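Undergrad: structure for this input, please:
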Amino acid sequence: MPDVNARLTSATNSAGPERLASYTTLRLGGAPGELVTATQNAEIVQSIREAGSRQEPILVLAGGSNVVIADEGFPGTVLLVRTRGFRVVAEDDETVTVRVAAGEPWDDLVAATVEAGWSGVECLSGIPGSAGATPIQNVGAYGQEVAETVTAVEAYDRVTGDVVWMTPRECGFGYRASVFKHNDRWAVLSVDFRLLRSPLSAPVRYAELARTLGVEVGDRVPLAEARAAVRALRAGKGMVLDAADPDTRSVGSFFTNPVLDQAAYLALRERAAELGEPPSWPGTNGTVKVSAAWLIDKAGFPKGYRGAGGVAISSKHTLALTNQGDGSTTALLALAREIRDGVHARFGVTLHPEPVLVNCAL
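TA: Numbering: from 1, shown residues only. Got it, this is the predicted structure:
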């Protein structure tokens, strides 16, 4: 059993401008006006309030795994969230509810839940970033997403000036979306996750994962086996951070899978007829989710495709745009535009970016 007591550890200002590239998985981004580190929730709230009183923009940054920051940096305060800790706040014979500080590294938390025999986030192993970022993006992979386990989000409301607890309904979870995304009203302070007491994973929903595990879709496997298989799959796609591998200098999937209504899906099938059936999955209300990776590849942008200026599509995963070591945000966005426009010209489908763009635009 891991130590599940809170490990929560005064905001400190850095001396001199430092490039934000040091704090992002892309290793891109210019300098902030000021860099502040917070290790307590009260410091997060205080820093945001002080920036507001100065009418100065503030960027809350934790793991930096789902953000693209301009080469010009950010013209205000960047608040590095370095809160840590998690603890059980409710439990019964079947479940535990774990409250997690926003700055807690996500994969460390997943590892601890697997070790404890708590099921619900094991298929989200290997994802970089912080726990507080997961509800913002409604992080999902291999058949799981955090909306299935989040029971409450503690956030600072910049409009009312209060710390509030938000229900899943108030969070407005959708496909890689929530009320927090592209909206700076709230700053996430902590997240409650309700997990099952079980040595087995949730039913495996993702066909690729089932094949890797040698089971059928719907089967359950030991938690540690599910975690190991997911990490291996992610590593094979360059989605587990590795300082020696430039393919991992990315934000993961740069584009979301398009969600089309029936008319748009039928039009896509017609335009793609000679290429075969576009991989797709049923969405809500009659919509169809289509593979962005397939669209990108068939539009002429395969794995390893290089843009100008030291950026490229990952050699392991079509959806990952990477900084090969000497790239820039300007070059990365130029490559993203080239891909987006090429897919639209070929298939009539518009791709949308998954990461948050800071002081820049696609």
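
Undergrad: got the residue ranges for the helices in the stretch 51-200 of the chain?
TA: Ranges of helices within the stretch 51-200 of the chain are 106-116, 133-137, 168-171, based on DSSP state H, counting those that start in this stretch.

Undergrad: deepest-packed of those helices, please.
TA: Mean neighbour counts were compared across the helices of the stretch 51-200 of the chain using mean count of other CB atoms under 10 Å; the top stretch is helix 133-137, at a mean of 27. Quick note: C-beta positions are derived from backbone N, CA and C, even for glycine.

Undergrad: for it, the averaged confidence score.
TA: Helix 133-137 carries an average pLDDT of 94.

Undergrad: one step back: what would the helices of the stretch 51-200 of the chain look like in TSV with distance to residue 359?
TA: Shown next, in TSV, are the helices of the stretch 51-200 of the chain (distance: least, CB to CB, whole Å):
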stretch	distance to residue 359
helix 106-116	25
helix 133-137	18
helix 168-171	26
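
Undergrad: give me the pLDDT for residue 314.
TA: Value listed for residue 314 in the pLDDT field: 96.

Undergrad: what is the burial count for the closest residue to it other than its chain neighbours?
TA: Closest residue to residue 314 apart from its sequence neighbours, by CB to CB, 6 or more residues apart in numbering: residue 320 at 3.8 Å. Neighbourhood size, residue 320 [other CB atoms under 10 Å]: 24.

Undergrad: cool, and residue 71?
TA: Residue 71, neighbours per other CB under 10 Å, totals 18.

Undergrad: pretty sure it contacts residue 26?
TA: No - if you go by CB atoms under 8 Å, residue 71 and residue 26 don't touch, sitting 11.5 Å apart.

Undergrad: what sits in contact with each of those two?
TA: residue 329 (CB atoms under 8 Å, 6 or more residues apart in numbering).

Undergrad: how about the residue nearest to residue 314, what does it touch?
TA: Residue 320 neighbours (CB under 8 Å, 6+ apart): 237-239, 247, 250-254, 313-314.

Undergrad: need these in TSV (columns: secondary structure).
TA: Shown next, in TSV, are the contacts of residue 320 (DSSP: H, G, I helix; E, B strand; the rest coil):
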residue	secondary structure
237	coil
238	coil
239	coil
247	helix
250	coil
251	coil
252	coil
253	coil
254	coil
313	strand
314	coil
